[in-house]
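*Asks:* Need a 3D model of the sequence below.
(one chain, ligands or ions: 1)
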Amino acid sequence: MPPGLRPGCIGRYSRLSLTKGLLPVRYVSTRGAAPALAFDEVLLAGLARDGGLYVPDSWPVFTADDWRAMRGLAYPELVARVIRPFVGGTIDQATLERLTAQAYRGFDHPAIAPLKQMDAGLWLMELFHGPTLAFKDFALQLLGLLFDHVLTQRGQRCTIVGATSGDTGSAAIEACRDRPSLDVFMLHPFGRVSEVQRRQMTTVLSANVHNIAVDGSFDDCQDLLKGLFNDLAFRDRVGLSAVNSINWARIVAQVAYYAHAALSLGAPERRLAVAVPSGNFGNVYSAYAARAIGLPIERLIIGSNRNDILTRFFDTGAMAIGTVHPTLSPSMDIQVSSNLERLLFDLYDRDGAATAKAMQSFRADGRLDVGAARLKRAQALFGATRYDDDETKAIIAREFKASGEVLDPHSAIGVAAGRAAQCPRDLPVVALATAHPAKFPDAVEQAIGRRPALPDRLKDLYAREERCMRLPNDLGALREFILARGGARDGKRSAA
Ligand SMILES: *Cc1c(COP(=O)(O)O)cnc(C)c1O
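*Replies:* Here you go, the predicted model:
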């Protein structure tokens, strides 16, 4: 085996052993034409200047002894340990520990990410005990604090803008509210998000949070966002930044719950598989990263809804963009899985120019084929199954009958994919419950005939005051609104 090639891992990349001390990880773009950056710069930049996504130039690898030493740590401490080499000295360890402690304080389960056994070989990891009841809180709660810390140290402010069709918006708002160095402007399509989702955003009345209902579709919101980012003068003037799922810091924060699952089930001695409902390929890519840093995660199982671009990719090696169909699992209603580019980079042996070429042809023709050899390497690790809405409801009903467990539509798809993979007895599967069932009460009611109750923290959601600005689908109006509401009030710019 050539040096640097880890058995069963995709691609050739160098590895750093942590026992030799902490070498700072640098980040390179998947398209190979942007400067390598340190963690704090990657955090603020989001997307690389060449249009690529940042990945570590080498993976820090924890030894079996390192992992054993992490067993039984409280969740926030585990996060600080796991992300330490990725932060590479740009934030000192005491600060990191303080920030992780703060990030998970608002979760309302003492285990933070409790694991429940569903049957002999299947476990459910509940990732919905955060403030907005979806797994995105795990990364975004920490991201808001990291942004605030880095910006404050630099004496900078920035304006976060986002477009949401559901879960991301509320998670980002909860993460950025009341942070002195941030203003957040969140766009959603007027009348097209569920009432729970809207209220989770619009009832946050913090002065630095601005909800905008756009007269248009989600695609219109995304086009407005692109328009803002393409206006370079405006971008610099307000210090525009994004916290979407391509941000490396989100990926790395999610690695920690895979470590938590693996250690709880007996890693490094015992192997495991994970089953993940996937849209943008962000969550499951974090499992891939967890494997790359030394955890024995042997299978990465993906569940998709009717928007099955990932399932088709892992079946055939080809991706073709189709139209987005609305489903019962709206947070996976995606036709382009942005984070897949990070895996492609490894499949193309970390050749930025080759990855860039593949992505350009994908953008131009709406098609990409990685070929049989790369497909085979991907299939050695990944497998995927798709489920339509009727199947999803049937899964929710079946699981409820079997164990009394009420799954939301996204989680149900992950659980079903995990079961369909038929892993051997010595390979326990951890399926990820990515949202609380009360976030999708209509779908759950259709499946089992009863509406799940909102957790205590949201009991009065329908009684809370809402604040939201309604704007036309017009870039000029949006720009004016952001300026008038004080995006980057003191004129300082972020480095983004
Ligand atoms: C965002 C989301 C997903 C998809 O996660 P990706 O990282 O985009 O693959 C799945 N389930 C829920 C509930 C989500 O909010």
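
*Asks:* use CA for all of it now, contacts and neighbours both
*Replies:* Fine.

*Asks:* Leu73: neighbour count?
*Replies:* 13 (other CA atoms under 10 Å).

*Asks:* and it, that one's in a strand?
*Replies:* No. Residue state for Leu73 (DSSP: H, G, I helix; E, B strand; the rest coil) corresponds to coil; a strand is not indicated.

*Asks:* how much space is there between it and Arg270?
*Replies:* For Leu73, the distance to Arg270 equals 18 Å [CA to CA, to the nearest Å].

*Asks:* Same question for Leu187.
*Replies:* Distance of Leu187 to Arg270, given as CA to CA: 45 Å.

*Asks:* before we move on, what about Val406?
*Replies:* Noted for Val406: a distance of 29 Å to Arg270, by CA to CA.

*Asks:* Just want to know which of those two has more residues nearby.
*Replies:* Between Val406 and Arg270, counting by other CA under 10 Å, Val406 is the more crowded of the two (21 against 16).

*Asks:* Now Thr202, what are its backbone angles?
*Replies:* Note on Thr202: its backbone torsions stand at phi -80, psi -10 [degrees, to the nearest 10].

*Asks:* mind listing what it touches?
*Replies:* Thr202 is in contact with Asn211, Glu466, Arg467, Cys468, counting by CA atoms under 8 Å, 6 or more residues apart in numbering.

*Asks:* I figured the last one hits Ile212, correct?
*Replies:* The one in question is Cys468. Yes. In this structure Cys468 lies within contact range of Ile212 using CA atoms under 8 Å: 5.7 Å.

*Asks:* any low-confidence regions in the protein?
*Replies:* Low-confidence segments of the chain (pLDDT under 70): 1-23, 487-496.

*Asks:* The ligand contacts on that one?
*Replies:* By the rule CA under 6 Å from any ligand atom, the part of the chain lying against the ligand is 134, 167, 277-283, 331-332, 410, 434-435.

*Asks:* can you do 8 Å?
*Replies:* By CA under 8 Å from any ligand atom, the residues of the chain that approach the ligand are 134-136, 166-168, 245, 276-285, 329, 331-332, 337, 408, 410-411, 433-436.

*Asks:* Check which residues of the longest helix anywhere in the chain are buried.
*Replies:* Criterion DSSP state H: the longest helix present in the chain is helix 136-154. Neighbour-count burial for helix 136-154, with 16 or more other CA atoms under 10 Å as criterion, is recorded at 136-151.

*Asks:* Got the phi and psi for the nearest residue to Phe281 once chain neighbours are set aside?
*Replies:* The shortest distance from Phe281 to any non-neighbouring residue, by CA to CA, 6 or more residues apart in numbering, is to Asn339 (5.2 Å). In terms of degrees, to the nearest 10, the main-chain angles of Asn339 are phi -70, psi -10.

*Asks:* ok so, going back, please identify which pair of the contacts of Thr202 lies farthest apart.
*Replies:* Across these, no pair lies farther apart than Asn211 and Glu466, at 9.7 Å, counting by CA to CA.

*Asks:* More neighbours: which of the two?
*Replies:* Set Asn211 next to Glu466 and count neighbours by other CA under 10 Å: Asn211 wins out with 24 against 16.

*Asks:* all helices of the stretch 51-200 of the chain, in order?
*Replies:* In the stretch 51-200 of the chain, the helices defined using DSSP state H, counting those that start in this stretch lie at 64-70, 75-87, 93-103, 136-154, 167-176, 195-202.

*Asks:* Repeat that for the stretch 301-450 of the chain.
*Replies:* Along the stretch 301-450 of the chain, counting by DSSP H, counting those that start in this stretch, helices occupy 309-316, 340-347, 352-365, 372-379, 389-403, 409-420, 441-448.

*Asks:* Determine which stretch of those helices is the most buried.
*Replies:* Among the helices of the stretch 301-450 of the chain, helix 409-420 has the highest mean neighbour count (mean count of other CA atoms under 10 Å), at a mean of 27.

*Asks:* Show me what it is in contact with.
*Replies:* Residues contacting helix 409-420 (CA under 8 Å, 6+ apart): 122, 124, 274-277, 301-305, 328-329, 331-332, 384-387, 392-393, 395-396, 429-435, 437, 440, 443-444.

*Asks:* got the CA positions of that helix in CSV?
*Replies:* Listed next in CSV are the C-alpha coordinates belonging to helix 409-420 (Å, rounded to 0.1, in the frame of the first residue of the first chain):
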residue,chain,number,x,y,z
PRO,A,409,-40.4,12.2,7.5
HIS,A,410,-36.7,12.9,7.1
SER,A,411,-35.6,10.6,9.9
ALA,A,412,-38.0,7.9,8.6
ILE,A,413,-36.1,7.9,5.3
GLY,A,414,-32.8,7.5,7.1
VAL,A,415,-34.1,4.6,9.2
ALA,A,416,-35.6,2.8,6.2
ALA,A,417,-32.3,3.2,4.2
GLY,A,418,-30.4,1.8,7.2
ARG,A,419,-32.7,-1.3,7.4
ALA,A,420,-32.5,-1.8,3.6
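
*Asks:* shift numbering so it begins at 656
*Replies:* Understood, numbering begins at 656; the last thing we discussed is helix 1064-1075.

*Asks:* between it and helix 1096-1103, how big is the angle?
*Replies:* Using axes from the mean of the first three to the mean of the last three CA atoms, to 10 degrees, the direction of helix 1064-1075 lies 40 degrees away from that of helix 1096-1103.

*Asks:* what's the angle between helix 1064-1075 and helix 1044-1058?
*Replies:* Orientation check (the same axes, to 10 degrees): helix 1064-1075 against helix 1044-1058 gives 70 degrees.

*Asks:* what's the spacing between helix 1064-1075 and its chain's center?
*Replies:* Distance of helix 1064-1075 from the chain centroid (CA atoms, centre = their mean, to the nearest Å) equals 18 Å.

*Asks:* next one: stretch 830-848
*Replies:* 17 Å.

*Asks:* Just the endpoints, please. Distance across it?
*Replies:* This stretch, stretch 830-848, spans 20 Å end to end (CA to CA).

*Asks:* Would you indicate which residues of that stretch are buried?
*Replies:* Going by neighbour count (16+ other CA under 10 Å), the buried part of stretch 830-848 is 830-834, 836-845, 847-848.
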